[in-house]
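# build the 3D model from these lines:
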Amino acid sequence: MKDSIRIGFDAKRLFHNQTGLGNYSRTLVRNLRTYLPNNPIYLFTPSIVDQDYTTEFLDSSKYIIVTPADQKNKAYWRSMGITSDLQEHQIDIFHGLSNELPFKRAEGTRYVATIHDLIFKEYPSHYKFIDRIIYDRKTKNIIRNADHIIAISNATLLDINRYYNSSPDSVSVIYQSCEYQEVERTQKIPKSLLYVSSITKRKNLLTLLKAIKKVGNDSEIHLHVVGSGGKYASKCKTYSQSELGDRAIFHGNADYSVLNSLFATSQVLVYPSIKEGFGIPIIEAMQSGMQVITTRTSSMIEAGGDVAYYVDDAYDDAAWANMIQKVSNLPLPSVDSYTQHLSTFQGEVVTSQLVTLYEELLS
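Take a look at the predicted model:
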């Protein structure tokens, strides 16, 4: 085993996505930097974005950033041309963090890929035809070229085996982690609900809005919506304006200060999605001392464990209304009630699993 591992990451999403895949990438890389402070970490990205959420990764004393020499062919570089850069920098492990790997092997480099979900296979009508073709091609390339695949949940692992008949030995589950943020629990506003996600048909916000209407005369129950979308989002806003008035507030893609404030002050996270690769807002909410209501399906039962509250049928607005009334009248969970469950997702735990995987691939 080498004393020092040269680890490279596909860092496009790290720099370019503020949420979702970007958060996953930044948290994983940041944790690894803390866990392996003396190892060189290379960030391969088509271009650099300097924002509040990326500033720390521009520190040249901690990270080595590699961009394509030819800025006119960024897409080609990420899928093919990057191979020569991996060889030039003698990268031992290259980790594709967002469902993607180069189509060409780099000699001497072991390939690892994270697959977040295969929702496009189970719900193809929710995706454009061309997007399904691209996602399928990229996934097949991972199955063919990866030395090891990381699934972010057991639900995703099952889908990989189901749709691509992968070798059980080539795929393992390493959960996501997110940073714990200490919050003042007395800030919680009673009966305040929070929805954090993109606003698409699969995320099922409209059912939630209908449930709030069914709650009836309890005007104290109100919902904050963080996220954006297209036609479906417009449909949700139209319904909300006509049926709920000021009981639902749409914040769009809120910045970190607004989002952190909402996590600190909201009592209940409501997460009605019908399918997720993981469901990181569930963990974030628990770390913020919130109750959680979600659907009993997919990976949500892994993220929520036995400390979340579940609705069996994601589209049953009456069941959602009943659960919202029940949970919004419960006292806040105790400080220790989530401790054991959240320990599974601690940065130190998942990073140790990741490092062990890297070492095994190079042993």
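
# now do stretch 47-66: distance to the chain's middle.
In terms of C-alpha atoms, centre = their mean, to the nearest Å, the centre of stretch 47-66 is set 20 Å apart from its chain centre.

# what is the mean pLDDT for it?
Averaged over stretch 47-66, pLDDT sits at 92.

# extract the CA atoms of it and return them as PDB.
The C-alpha trace of stretch 47-66 is given here as PDB (Å, rounded to 0.1, in the frame of the first residue of the first chain):
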ATOM      1  CA  SER A  47     -14.200  25.500 -15.400                       C
ATOM      2  CA  ILE A  48     -14.000  27.100 -12.000                       C
ATOM      3  CA  VAL A  49     -16.800  29.000 -10.200                       C
ATOM      4  CA  ASP A  50     -15.900  31.300  -7.400                       C
ATOM      5  CA  GLN A  51     -18.900  31.500  -5.100                       C
ATOM      6  CA  ASP A  52     -19.300  31.400  -1.300                       C
ATOM      7  CA  TYR A  53     -19.900  27.700  -1.400                       C
ATOM      8  CA  THR A  54     -16.700  27.000  -3.500                       C
ATOM      9  CA  THR A  55     -14.200  29.400  -1.900                       C
ATOM     10  CA  GLU A  56     -12.500  26.800   0.300                       C
ATOM     11  CA  PHE A  57     -11.800  24.600  -2.700                       C
ATOM     12  CA  LEU A  58      -9.800  27.400  -4.400                       C
ATOM     13  CA  ASP A  59      -7.200  27.100  -1.600                       C
ATOM     14  CA  SER A  60      -4.100  25.900  -3.500                       C
ATOM     15  CA  SER A  61      -2.500  24.600  -0.300                       C
ATOM     16  CA  LYS A  62      -5.300  22.000   0.100                       C
ATOM     17  CA  TYR A  63      -6.400  21.300  -3.500                       C
ATOM     18  CA  ILE A  64      -4.900  21.100  -7.000                       C
ATOM     19  CA  ILE A  65      -7.300  22.200  -9.600                       C
ATOM     20  CA  VAL A  66      -7.000  20.800 -13.100                       C
END
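
# what's the local residue count around residue 104?
14 (other C-beta atoms under 10 Å). Any C-beta I mention is one placed from the backbone N, CA and C, and that applies to glycine too.

# same deal with the one 10 residues further on?
In terms of burial, residue 114 registers 27 neighbours under the definition other C-beta under 10 Å.

# show me the beta-bridge partners of the closest residue in space to it that isn't next to it in sequence.
When the adjacent residues along the chain are set aside, residue 114 lies closest to residue 150, with 4.6 Å between them (C-beta to C-beta, 6 or more residues apart in numbering). On the basis of DSSP bridges, residue 150 takes part in beta bridges with residue 114, residue 172.

# swap in residue 223?
residue 193, residue 248.

# coming back round to it: tell me who's in contact with the residue nearest to residue 114.
By C-beta atoms under 8 Å, 6 or more residues apart in numbering, the contact set of residue 150 is 112, 113, 114, 115, 171, 172, 173, 174, 354, 357.
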